[in-house]
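**Q** Predicted structure and sequence below. I'll ask about it afterward.
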Amino acid sequence: MRKDLDYGLLHAMSAFVHVMDGGSFTAAAQHMGITKAQVSRLVTLLENRLQTKLLQRTTRRIAATSVGERYAEQCKAILDLVAEAEGEAGGAAHQSSGRLRVMSMTGFGNRYITPLVATYCAANPRVTVEYHSSQNPPDLLAEGIDVSIYLAQALPDSALVALRLGRMFSVLCAAPGYLARQGVPASPQALAGHTCLRLVNASFSSTWELEQGRQRFTLEPEGPLVGNTVEVLLDGALSGLGIVMLPAYSVVDDLQRGRLVQVLPGWRSPEIGIFALLPSGRFVDAKTRAWIDLLKQHLPPAVARDTAYFEASGGVRQAND
């Protein structure tokens, strides 16, 4: 005897998984290209088939039941196997084609990732690349992102696949004019008497954590400018507004040109990881593998060249020279 959804069970399972991952019927509908009402009906039919409640719905939010949580994990495994089988049969595992959606944090992407997009497009003419930038933690499944480049000290537990591609740290800098007016801090403690510009987003805390060997120092900086992008803080520092702590990649060029001076050059932030994040799943198609291979080839040496500048003795014009 057939049950409801015998001919559309995988579609309903997919809708349910997208609701779970996206946190709403709206997100699932956008990802699947159908209406919110259709998603809701698919989930209802799935619950009727199973004779159990998968989601608790209120006017403000939805939440999975304990049964729904377990069922979602099983659905993901089944859908991954189906995608793998279809991909291999259809050639997606071996030939790059279709659409590749890539995301990166704005400043990091501008320096390292966007130059690789043209290289990728030239080598994979049957793929259309959609590039997005964001400072927020990626929601790959809800936003339909294939690969996101993200910087973080640690990644939260999730079903995402994370490939570590390098490391990054932040350094203290200021314009020569600011230091001429306000003086050069001789120790981390002296930073409390200076105007500080703060980068605050999901990867960078408003608290300045500094380390030199085994020494550690923490400061709650104060100043007239707080921003969530490197660019606005860099402009503020270059204009002489104050001292800033920014990722090494964002200031290395201006340090080389003398437009910025490194402050307390022996001190830097703890390192954070550079990750390529992929949605969970065993099957990675050819177009995504080609992008990951390109990142592995070009990103680590490019990052290493920038960070090596700070390791070279005498390589930076220092504030206390």
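**A** Cool, the structure landed. It should be emphasised that the depicted structure is a prediction, and the values quoted were computed from it without experimental measurement.

**Q** Do you have the helices of the stretch 151-300 of the chain handy? List them.
**A** Secondary structure of the stretch 151-300 of the chain (DSSP state H, counting those that start in this stretch): helices at 176-182, 230-238, 248-257, 286-311.

**Q** now those helices in TSV, with mean pLDDT, distance to residue 130 and mean neighbour count?
**A** C-betas here are computed from N, CA, C, even on glycine. Output for the helices of the stretch 151-300 of the chain, formatted as TSV (pLDDT from 0 to 100; distance: least, CB to CB, whole Å; neighbours: other CB atoms under 10 Å):
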stretch	mean pLDDT	distance to residue 130	mean neighbour count
helix 176-182	97	41	15
helix 230-238	95	22	20
helix 248-257	96	24	19
helix 286-311	94	12	16
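
**Q** what sits against residue 121?
**A** 127, 129 (CB atoms under 8 Å, 6 or more residues apart in numbering).

**Q** Could I get the phi/psi values of it?
**A** phi -60, psi -40 (degrees, to the nearest 10).

**Q** how about the helices of the stretch 1-150 of the chain, start to end?
**A** 9-22, 25-32, 36-50, 66-90, 106-108, 114-123, 140-143.

**Q** which stretch among those helices comes nearest residue 170?
**A** Among the helices of the stretch 1-150 of the chain, helix 106-108 comes nearest to residue 170, with 11.8 Å by CB to CB.

**Q** ok now that closest one, how far from the chain's centre?
**A** 10 Å (CA atoms, centre = their mean, to the nearest Å).

**Q** Check which helices and strands that helix sits against.
**A** In this structure, helix 106-108 packs against helix 230-238, helix 248-257, with contacts taken as 3 or more CB pairs under 8 Å, 6 or more residues apart in numbering; DSSP states H and E.

**Q** Residue 221 versus the residue lying closest to residue 211 once chain neighbours are set aside, what's the distance?
**A** Closest residue to residue 211 apart from its sequence neighbours, by CB to CB, 6 or more residues apart in numbering: residue 270 at 5.9 Å. According to CB to CB, to the nearest Å, residue 270 and residue 221 sit 16 Å apart.

**Q** neighbour-wise, which of the two wins?
**A** Using other CB atoms under 10 Å as the criterion, residue 270 and residue 221 rank with residue 221 on top: 19 against 11.

**Q** Could you report the neighbour count for the residue nearest to residue 155 when sequence neighbours are not counted?
**A** Once flanking residues are discounted, residue 155 sits nearest to residue 162: 5.4 Å by CB to CB, 6+ apart. Residue 162 is flanked by 15 other residues according to other CB under 10 Å.

**Q** Residue 162 pairs with what?
**A** residue 277 (DSSP bridges).

**Q** For it, give me its contacts.
**A** Taking CB under 8 Å, 6+ apart, one finds 155, 275, 276, 277, 278 in contact with residue 162.

**Q** tally of neighbours for residue 137?
**A** 16.

**Q** Spell out which residues sit in contact with it, please.
**A** 150, 202.

**Q** Quickly note the distance from it to residue 112.
**A** Taking CB to CB, one finds residue 137 at 19 Å from residue 112.

**Q** for residue 51, same thing?
**A** 52 Å.

**Q** which stretches of the protein aren't confidently modelled?
**A** 1-7, 59, 84, 87-95, 138, 140-142, 156-159, 280-283, 313-321 (pLDDT under 70).

**Q** just checking, residue 146 touches residue 96?
**A** No: using CB atoms under 8 Å, residue 146 makes no contact with residue 96, being 11.9 Å away.
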